[in-house]
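K.L.:
Predicted coordinates and the sequence they were generated for:
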Amino acid sequence: MGQLRHLRRGDGEVGLSAARPTPCIILGLDPGLGTTGWGLIAADGNRLSHIANGQIRTDAAHPLPARLLALDAALTDLVLAHKPDSAAVEEVFVNANPQSTLKLGQARGVVLLNAARAGIEVGEYAARLVKKSVVGVGNASKEQVHAMVLRLLPGAKIAGADAADALAVAITHAHLRTSPGHR
């Protein structure tokens, strides 16, 4: 729903008019301990535009606590620089290696904590829902997701597969954030 603003007419009367809402800045995140992809878009109604994207990498030679701290510090810098209105995070999927799943969950916890600490609303989306939202099918390949992200955000230069996935999560959030039952 749009914001209301006061308008002063030439006859001195004041009325209310729907103000054009400002674009919503959405930070999409594809968490990972080694690489966390991020993407920023602006959603103005159903129009989307690319702001920035990239990847946060942590050094595998460092102990886990130091890697999680580095991820948190980089996310804090990103949030302070771009001041997103909301964030969207891909949910954890269980893979064959329990250690990889655990590390992914820990990185995801840092991502969620960082957004919560900044007071940013967070939407969480399953990978299948992201693929369905962006490509139209839940079993789309990474290449198909990347191609559709480029089509939906013309002119964007994407920093890698993780950044493309993060932009896809942000696009999903932009499409679904006004839906009934949105989390």
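P.N.:
Everything's here; your move. Numbers count the residues shown, from 1 in each chain.
K.L.:
From now on I want contacts and neighbour counts done on CA atoms only, so please keep to that.
P.N.:
Fine.
K.L.:
which residues of this protein fall in helices?
P.N.:
Per DSSP state H, the chain carries helices over the ranges 64-82, 98-117, 127-134, 142-152, 161-176.
K.L.:
Pick the most buried one from those.
P.N.:
Using mean count of other C-alpha atoms under 10 Å, the stretch among the helices of the chain with the greatest mean number of neighbours is helix 161-176 (a mean of 27).
K.L.:
For that helix, name the packing helices and strands.
P.N.:
Helices and strands in packing contact with helix 161-176 are listed as strand 24-30, strand 35-44, strand 47-57, strand 86-90, helix 127-134, helix 142-152; criterion 3 or more C-alpha pairs under 8 Å, 6 or more residues apart in numbering; DSSP states H and E.
K.L.:
pLDDT value on the residue nearest to the spatial centre of the chain, please?
P.N.:
Residue closest to the average C-alpha location in the chain (C-alpha atoms, centre = their mean): residue 28, at 1.3 Å. Per-residue confidence for residue 28 comes out at a pLDDT of 97.
K.L.:
For residue 59, see how far away the nearest residue to it once chain neighbours are set aside is.
P.N.:
The spatial neighbour of residue 28 that comes closest, neighbours along the chain excluded (C-alpha to C-alpha, 6 or more residues apart in numbering), is residue 170 at 4.2 Å. Separation of residue 170 from residue 59 (C-alpha to C-alpha, to the nearest Å): 26 Å.
K.L.:
if we can go back for a sec, which strand residues bridge the residue nearest to the centre of the chain?
P.N.:
Each beta-bridge partner of residue 28 is listed here, defined by DSSP bridges: residue 39, residue 88.
K.L.:
So it sits against residue 88, correct?
P.N.:
Yes: under the contact definition of C-alpha atoms under 8 Å, residue 28 touches residue 88, with a separation of 4.8 Å.
K.L.:
ok, residue 126 to residue 168 distance?
P.N.:
Here residue 126 is placed at a distance of 12 Å from residue 168 (C-alpha to C-alpha).
K.L.:
Show me the shaky parts of this protein.
P.N.:
Per-residue confidence for the chain (pLDDT under 70) gives these ranges: 1-21, 94, 178-183.
K.L.:
Try it again at 80.
P.N.:
For the chain, the stretches flagged by pLDDT under 80 are 1-22, 92-96, 178-183.
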